[in-house]
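A.B. asks: here you go, sequence then predicted model.
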Amino acid sequence: MDISCKSRVNISSSKGIISRSDCFTEKPVLCASNGLLSNVVKFKDENQAMKSRIFASKHNWMKITSIDVDYWKMDGGVAFGVIPKSLWKKVYPEDIDNLIRITTRALLIQTAEKKILIDTGMGDKRGEKYYSYKYRFGGEGLISPLAKAGLSPADITDIVFTHLHDDHVGGATYLNDAGESAEFFPNARYWCSASHWEWSKSSNKREAAAYFHDNLSPLETSGRLNLIEKEGKWIDGVEFRIFNGHTRGQLIPVIKIKDQTLVFAADFIPSKANIPISYIPAVDIEPLVTMKEKEAFFDEALQGDYILMFQHDYNHEACRLVQTEKGTAAGEVINIRELN
Ligand SMILES: [Zn+2]
């Protein structure tokens, strides 16, 4: 049984009316009335087996696979903004050039109906000089991990772009024999937030180097580009949230798998070391907005025991959060494959 949030607020118990915050277990409370996904009611005194059966019947089969598309390096100062090196180097080791190893991680979501990719890495359209500036040193790419899953690029039904910076969207296109940028996933529908698509077109000078016409024009002319106007449910098991501190309209997928909630944190929280509220990358366009977004989101994430998946953390795929005297901190480290 699925009950909308409005009706849930008035559910009675032997103790009387249960408020929205106390009628659920510590697991996610996702509410339709604030634009989020409605979910199965979970009462505190319900037994776990019953909860699992209800959840399984509500959500179709899903398998998720983390893909380390690119390995590259970034200046440690860029990764941590105003935080001095004496502090960030304790949580993210640097090399002699002050660079830290990072990844661009993508997520493959397979359901009965869909084969979805979240982000695509930076691709190969630019010359070696460009990639040498990124200190790229390998990665799984996309073809081999998809093949391991029994898939080819033509099998991908949907690609969700968290945002359109080159390291997230570049791999959706390639240079064909004529030297033109062409779609690498010929059947995929593309998804991006409407506000971010418009923002990428207006291309402020600060972010200009991250947007490339040859990344975006094949998507635009494909006839398969879909722009998300609002936060909320996308498909069963996946909802979108929108954050604005890193760039305008960053789309953050929140995935329900079994009884867990996985947040593909993208550049909202790029690594485990970026969890402390003020550890915000220097590239964020509005760090004070990021700070407020993190504070509000961490309250929700702690209450729901969410798992954050890190797109740029070379050393950790994901972790839970814990509350400490010093604030929100990293908790149990998680491997994505263990969530299947
Ligand atoms: Zn970005």
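C.D. replies: It's in.

A.B. asks: tell me which residue is most central in the chain.
C.D. replies: In the chain, the C-alpha nearest the mean C-alpha coordinate belongs to F264, at 2.4 Å (C-alpha atoms, centre = their mean).

A.B. asks: what residues are up against that one?
C.D. replies: Applying C-beta atoms under 8 Å, 6 or more residues apart in numbering to F264 gives the contacts 107, 118, 162, 252-255, 309, 311. The way it works is simple: take the backbone N, C-alpha and C, and place the C-beta from them, glycine included.

A.B. asks: ok, and the closest non-adjacent residue to the residue of the stretch 51-200 of the chain found nearest the ion?
C.D. replies: Among the residues of the stretch 51-200 of the chain, H165 lies nearest to the ion; the distance is 3.7 Å by C-beta to the ion. Using C-beta to C-beta, 6 or more residues apart in numbering and skipping the chain neighbours, the partner closest in space to H165 is A210 (4.1 Å).

A.B. asks: surely that neighbour and D166 touch.
C.D. replies: Yes: when contacts are counted by C-beta atoms under 8 Å, A210 is listed as touching D166 (5.5 Å).

A.B. asks: which one of the two is surrounded by more residues?
C.D. replies: Neighbour comparison, A210 and D166: the larger count goes to D166, with 21 against 18 (by other C-beta atoms under 10 Å).

A.B. asks: what's near enough to touch that one?
C.D. replies: D166 touches 122, 210-212, 215, counting by C-beta under 8 Å, 6+ apart.

A.B. asks: sorry, back to before: distance of the residue nearest to H165 relative to the ion?
C.D. replies: According to C-beta to the ion, to the nearest Å, A210 stands 7 Å off from the ion.

A.B. asks: quick one: that residue from I277, how far?
C.D. replies: To I277, A210 is 24 Å away according to C-beta to C-beta, to the nearest Å.

A.B. asks: what about the helices in the stretch 101-250 of the chain?
C.D. replies: With DSSP state H, counting those that start in this stretch as the criterion, the stretch 101-250 of the chain has helices at 128-133, 143-148, 166-169, 194-202, 213-221.

A.B. asks: and the first one, what's buried?
C.D. replies: Okay, so that is helix 128-133. Residues of helix 128-133 classed as buried by neighbour count (16 or more other C-beta atoms under 10 Å): Y131.

A.B. asks: which residues sit in contact with the residue nearest to H165?
C.D. replies: 164-167.

A.B. asks: thought T104 was touching G138?
C.D. replies: No: in this structure, T104 is not within contact of G138 by C-beta under 8 Å, at 11.7 Å.

A.B. asks: all strands for the stretch 1-150 of the chain, in order.
C.D. replies: Listed in chain order, the strands found in the stretch 1-150 of the chain under DSSP state E, counting those that start in this stretch are 12-13, 16-17, 62-75, 99-111, 115-118.

A.B. asks: is it true that I100 touches W72?
C.D. replies: No: if you go by C-beta under 8 Å, I100 and W72 don't touch, sitting 10.0 Å apart.

A.B. asks: out of the two, which sits in the more crowded spot?
C.D. replies: Between I100 and W72, counted using other C-beta under 10 Å, the more crowded position is I100 (25 against 22).

A.B. asks: look up phi and psi at the residue of the stretch 51-200 of the chain closest to the ion.
C.D. replies: Main-chain dihedrals, H165, degrees, to the nearest 10: phi -60, psi 150.

A.B. asks: what do you get for L164?
C.D. replies: phi -110, psi 20.

A.B. asks: quick one: residues contacting the closest residue to it other than its chain neighbours.
C.D. replies: Nearest residue to L164, sequence neighbours excluded (C-beta to C-beta, 6+ apart): S200, at 4.6 Å. Residues near S200 by C-beta under 8 Å, 6+ apart: 163-164, 211, 216.

A.B. asks: mind redoing it with 7 Å?
C.D. replies: Residues in contact with S200 (C-beta atoms under 7 Å, 6 or more residues apart in numbering) are 164, 211, 216.

A.B. asks: out of those residues, grab the one that's most surrounded.
C.D. replies: L164 (27 neighbours).

A.B. asks: mind checking pLDDT for it?
C.D. replies: Looking at L164, its pLDDT reads 98.

A.B. asks: what do you get for D45?
C.D. replies: So, for D45, pLDDT stands at 46.

A.B. asks: again with the one 4 residues further on
C.D. replies: For A49, the model assigns a pLDDT of 53.

A.B. asks: again, but for the one 3 residues further on
C.D. replies: Model confidence at S52, given as pLDDT, is 52.

A.B. asks: and R101, how far from D259?
C.D. replies: From R101 to D259 the distance is 33 Å (C-beta to C-beta).

A.B. asks: how about the residues of this structure by the ion?
C.D. replies: Proximity of the chain to the ion (C-beta under 5 Å from the ion) is limited to residues 165, 267.
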